[in-house]
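Q: Give the three-dimensional model of this entry:
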Amino acid sequence: MTSLNQDKDLVATNINHLAGYFFDISSKKSSIGIFPHARADADALGAALSLANALQDLGAEVEVIAEEKAVPSLQFLPGIQNMVLYSGDIAEKQFDLAIAVDLNTPDRLEKREKLFLNASQHAIIDHHVRDQANGDNELIYTGSSSTCELVFRLISALEDLSAKKIFNDDIAVLLISGMTTDTGRFSYNNTTPRAFRQVAWLIEEFNVDLALLTHELFERTTVTQLQIRGDVLASIKLAADGRILYASVSREMMNKRKATDDHLDYLSSDMREADGVDVSILLRESPDRTEIHGSVRSNSCLNAAEFAQIFGGGGHVRASGFTIEGMGLAEAEAEVVAQAEKMLEQCL
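A: Modelled structure (predicted):
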C-alpha cells in the first residue's frame, strides 16, 4: 500500500468516526454551535450552513455563530438569514458541542473564541496546513480542495448511519459554492477529482441554478467595487525584478469610495495573473486602523502558507492570509515585501 493510499484510508476512518460522533450527539437533541472563521468566505459559510442543515435533520439544536454579517455576494446562500451574529448576549452560552469549520486554531474565531472554548466538547473540520497532529474529533486534511468537500463526505457518512436522505437542494447550493470558490472555479492546483465528482452528483440530483450561483459568487459587482479596484490596481508596485506584485490599501482609499473590505475580494488572485509575477500581496488597513490584513498568492516555489505563518497566519500553498498588529501600513508593507524577497531567493 502506498503512503498516499494510507493517507486516504486514514481520512476515511476519521470521517466515519466523526460522522458516528455527530450522529450520536444529534440523536440526543444536543445543542451544537458551528463556528466559521472570521470574515467568512463561501467555503466557511457553505460548510457551516450545510452541516447545520444536516445535524438539525438528525435532531440536534444547531446554531451557526458568525463574527459578522455575510458580505453581499454571499447573501444568496440558503440559510444565511438564520445565522446568529455574535454579541455579548450569548457570550456565556454553553453548547454541548462546538464545531469549528474552515479553521484549525480557535484564535481565528476572534471575539467568539471564548464562546467556542466554553462548550462541553469540541470538533474541528478543516483543510488548511497546521503544524501539529490531529486530536480527537478533528478532521483536518490538506489534500481536500475545500472544507465543503470534507463536509460532503461527512454528510454522506451520516446518510449511511441514519438510513435517511439528508442531502437536499439547499445543501447542494452551499457545498457547490464552497468548492467552486476555494478552487477558483476548478482552476487552482488544489482542485481534486473528488470535488468534480461531488459537484457533478449534486447538480444531477438536486435543483441548482448554476448560472445564478456563478453570477452571485464571481460576476456580481457594483460601481463602488469597480472604482476601488481601479484605485488599487493603479497603485500596484513591483519588487524582486518584477517577480513580486504588491499593493497597500489605506483607510483613506476605502473611505473615499465608501468601499467595504468585501469589495476587494479576489483582487489578490487577479493580481497574481500578471505576466512574470510569482507572488502577489495585498495589504489593507482594518476599519479601526489597529490591524493590517494581508493576502498572499503564489505562482512559484514560494509556499504561501509558510509565508503567512511568519506573520501568524496560514492557509494554502498557493493562497494564504495573515494579520499584522502594532504596525502602520507603510511599515507592514516594507516588512512583508522584504520577507517575500528573502523567501523567493531561498527557493530558487
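Q: Tally up the residues packed near the closest residue to residue 289 other than its chain neighbours, please.
A: Once flanking residues are discounted, residue 289 sits nearest to residue 251: 5.9 Å by CB to CB, 6 or more residues apart in numbering. Every C-beta, even on glycine, is put in place using the N, C-alpha and C of the backbone. Look at residue 251: counted by other CB atoms under 10 Å, it has 14 neighbours.
Q: which is the next helix or strand following the helix or strand harbouring residue 139?
A: If you go by DSSP states H and E, residue 139 is part of strand 138-140. Once strand 138-140 ends, the next helix or strand along the chain (criterion: DSSP H and E) is helix 147-162.
Q: any low-confidence regions in this structure?
A: By pLDDT under 70, the weakly predicted segments of the chain are 1-8, 131-133, 348.
Q: For it, just list every one of the strands.
A: All strands of the chain, identified by DSSP state E, fall at 31-36, 61-66, 84-85, 97-101, 121-126, 138-140, 237-239, 244-249, 279-285, 291-298, 314-315, 319-325.
Q: Serialize the ones you listed to JSON lines and add fields for mean neighbour count and distance to residue 198.
A: As requested, these are exported to JSON lines (neighbours: other CB atoms under 10 Å; distance: least, CB to CB, whole Å):
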{"stretch": "strand 31-36", "mean neighbour count": "25", "distance to residue 198": "20"}
{"stretch": "strand 61-66", "mean neighbour count": "21", "distance to residue 198": "21"}
{"stretch": "strand 84-85", "mean neighbour count": "12", "distance to residue 198": "28"}
{"stretch": "strand 97-101", "mean neighbour count": "26", "distance to residue 198": "17"}
{"stretch": "strand 121-126", "mean neighbour count": "22", "distance to residue 198": "15"}
{"stretch": "strand 138-140", "mean neighbour count": "21", "distance to residue 198": "16"}
{"stretch": "strand 237-239", "mean neighbour count": "14", "distance to residue 198": "39"}
{"stretch": "strand 244-249", "mean neighbour count": "22", "distance to residue 198": "34"}
{"stretch": "strand 279-285", "mean neighbour count": "24", "distance to residue 198": "29"}
{"stretch": "strand 291-298", "mean neighbour count": "24", "distance to residue 198": "25"}
{"stretch": "strand 314-315", "mean neighbour count": "20", "distance to residue 198": "22"}
{"stretch": "strand 319-325", "mean neighbour count": "19", "distance to residue 198": "21"}
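Q: need the helices for the stretch 1-150 of the chain, in chain order.
A: Along the stretch 1-150 of the chain, counting by DSSP state H, counting those that start in this stretch, helices occupy 3-27, 42-57, 113-117, 147-162.
Q: circling back to that earlier point, any chance of CSV for the strands of the chain, columns distance to residue 342?
A: As requested, these are exported to CSV (distance: least, CB to CB, whole Å):
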stretch, distance to residue 342
strand 31-36, 33
strand 61-66, 37
strand 84-85, 40
strand 97-101, 32
strand 121-126, 28
strand 138-140, 29
strand 237-239, 11
strand 244-249, 11
strand 279-285, 12
strand 291-298, 14
strand 314-315, 19
strand 319-325, 16
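Q: nearest to residue 271, of the helices of the stretch 1-150 of the chain?
A: Across the helices of the stretch 1-150 of the chain, the minimum distance to residue 271, taken as CB to CB, is reached by helix 42-57, at 20.1 Å.
Q: Give me whichever of the helices of the stretch 1-150 of the chain is most buried.
A: Most buried of those by mean neighbour count (mean count of other CB atoms under 10 Å) is helix 42-57; its value is a mean of 27.
Q: for that one, packing partners?
A: If you count contacts as 3 or more CB pairs under 8 Å, 6 or more residues apart in numbering; DSSP states H and E, helix 42-57 packs onto strand 31-36, strand 61-66, strand 97-101, helix 147-162, helix 169-182.
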